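K.L.:
Here is a sequence with its predicted model. Questions after.
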Amino acid sequence: MKTAIKVIEQLEVAGFEAYMVGGAVRDYLLEKKPHDIDVATNASPEQVKSLFERTVDTGIAHGTVLVLKDGTGIEVTTYRTEGSYSDHRRPDSVEFVQSLEEDLKRRDFTINAMAMDKDMAITDPFGGAQDLAKGLIRAVGNPDERFQEDALRMLRAIRFSGQLDFQIDPSTLASIGHQAHLIKSIAIERIKSEIDKMMLHKKASRSFAYLTDTGLAEHLPSGYLFKADWAKFQVFETAAAGWAFMLFEHAQEMEAILPYRFSNEEKQTIKRALEAARLPEWNEWVFYSYTNAQLAIAALLNGRKVEIAGKKSALPIRSKAEMAVNGSDLMKWSSQKQGPWIKEWIAKIERMIVFGELANDRELIKEWFMHEYRHHQ
Ligand code: ATP
Ligand code: MG
């Protein structure tokens, strides 16, 4: 916040207005630490750039300049409204305006539509502070119009309810119910990102209850999955765990959520976690072949009480690379040419080492191999 105040002072010295806005003000009033601080100003992006030594054009088309100062970045955005919203998505064009109030008017919820000057004096034209005290998410202005402008706001309302442990104001909630279908106009990446966030908040159960009860879930791919006993868990450490939880509870596979476009890493984690959760027994081979992250999620799902890190470190090896022998050793010892037999024998040795049936010792493995291999000839 100190850096943001310095940025504001510098803008004011140059004759401009500048305020902290949005989430930072909300979090300040809630006595929470904001993750980023946004500044709004009547200076144009070019004027902002000329005033500060180090800036990055992160969102210049939307009037945002990132000012680098004291080792952090403060996003400075010129007061603006948004153009037309013919397709229920955020507009491509923005229009700069002169007053702070006009800028606050375009914001989604009253609690996100407050500004604060460098002395912490609040500008609050829509009763955001009162809604904060009541624990309410309320659209700025007419909720029907605001959701028609940008349908993602419906999901944001639901996400903030879980993030802040707030209720959605009745008329805002009713509006989501009526306009749920508009969510189809929103890019799946933006939808997934909101759902990911919902899973990480302490009141995930609230968000997912709203998602189902408003009917919004019905308009999302495999929306039935969101109806689950979320209260079972206080909070998930990763979004992947939340997705795996839904699939596990509904006895579904990864295929059901592919429309949400996961990264390959997330896909792998979810798939393998589900697989491990469904195994009837967790032996050494399971601890060996699944990653810590996959096992942690799986243990959460099937309620297994195991110390994963301890089990893993008790294994004789952690990967093939740690085996004391390799394929060329086997070729040398058997005087055989390369072939699929190598893979089979390495796999056999690997399993025995992991299960503690054979020590990971070159000489002992050689002895065992020479003996067994001859028998198989
Ligand atoms: P978080 O703690 O999740 O970062 P935030 O309030 O900072 O919460 P951001 O998504 O970072 O949320 O957006 C910053 C501000 O921009 C919001 O507080 C709100 O005023 C405005 N905003 C963001 N997205 C929208 C939107 N879709 N429609 C209207 N205003 C929005
Ligand atoms: Mg933010």
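P.N.:
Happy to help now that I have it. All of these numbers come straight from a predicted model, not from anything done at the bench. Ligands and ions are numbered 1, 2, ... in the order given.

K.L.:
Point out where this structure drops to low pLDDT.
P.N.:
Residue ranges of the chain with pLDDT under 70: 83-86, 90-92, 234, 377.

K.L.:
Break it into its domains for me.
P.N.:
1-133, 135-231, 236-315, 322-376 (automatic domain parsing).

K.L.:
Endpoints of the second one, how far apart?
P.N.:
One end of domain 135-231 sits 20 Å from the other (C-alpha to C-alpha, to the nearest Å).

K.L.:
thinking again about what came up before, how about TSV for the domains of the chain, with mean neighbour count added?
P.N.:
(C-beta placed from N, C-alpha, C; glycine too.) Below are the domains of the chain laid out as TSV (neighbours: other C-beta atoms under 10 Å):
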stretch	mean neighbour count
domain 1-133	18
domain 135-231	19
domain 236-315	17
domain 322-376	14
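
K.L.:
Next, format the ones you listed as a markdown table and append distance to ligand 2.
P.N.:
Listed next are those as a markdown table, based on distance: least, C-beta to the ion, whole Å:
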| stretch | distance to ligand 2 |
| --- | --- |
| domain 1-133 | 4 |
| domain 135-231 | 11 |
| domain 236-315 | 17 |
| domain 322-376 | 44 |
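
K.L.:
Just tell me which of the ones you listed ends up closest to ligand 1.
P.N.:
When these are compared by C-beta to the nearest ligand atom, domain 1-133 sits nearest ligand 1, at 2.4 Å.

K.L.:
Can you give me the first-to-last residue distance of the closest one?
P.N.:
Start and end residues of domain 1-133 are separated by 22 Å (C-alpha to C-alpha).

K.L.:
Is any residue of it near ligand 1?
P.N.:
Yes - judged by C-beta under 6 Å from any ligand atom, domain 1-133 and ligand 1 are in contact via G22, G23, H35, D38, R90, R107, D108, N112, A113.

K.L.:
Can you spell out which helices and strands pack onto the helix or strand encompassing A296?
P.N.:
In this structure, A296 sits in helix 292-302 according to DSSP states H and E. For helix 292-302, the elements it packs on are helix 239-249, helix 264-277, helix 308-313, judged by 3 or more C-beta pairs under 8 Å, 6 or more residues apart in numbering; DSSP states H and E.

K.L.:
run the last query once more with 10 Å
P.N.:
Judged by 3 or more C-beta pairs under 10 Å, 6 or more residues apart in numbering; DSSP states H and E, the packing partners of helix 292-302 are helix 239-249, helix 264-277, helix 284-289, helix 308-313.

K.L.:
possible to save these as TSV with distance to V325?
P.N.:
Output for the helices and strands packed on helix 292-302, formatted as TSV (distance: least, C-beta to C-beta, whole Å):
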stretch	distance to V325
helix 239-249	36
helix 264-277	27
helix 284-289	17
helix 308-313	22
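
K.L.:
that older thread, and the residues of domain 1-133 next to ligand 1, which two are the farthest apart?
P.N.:
Of all pairs drawn from the residues of domain 1-133 next to ligand 1, the widest gap by C-beta to C-beta lies between H35 and R90 and measures 20.9 Å.
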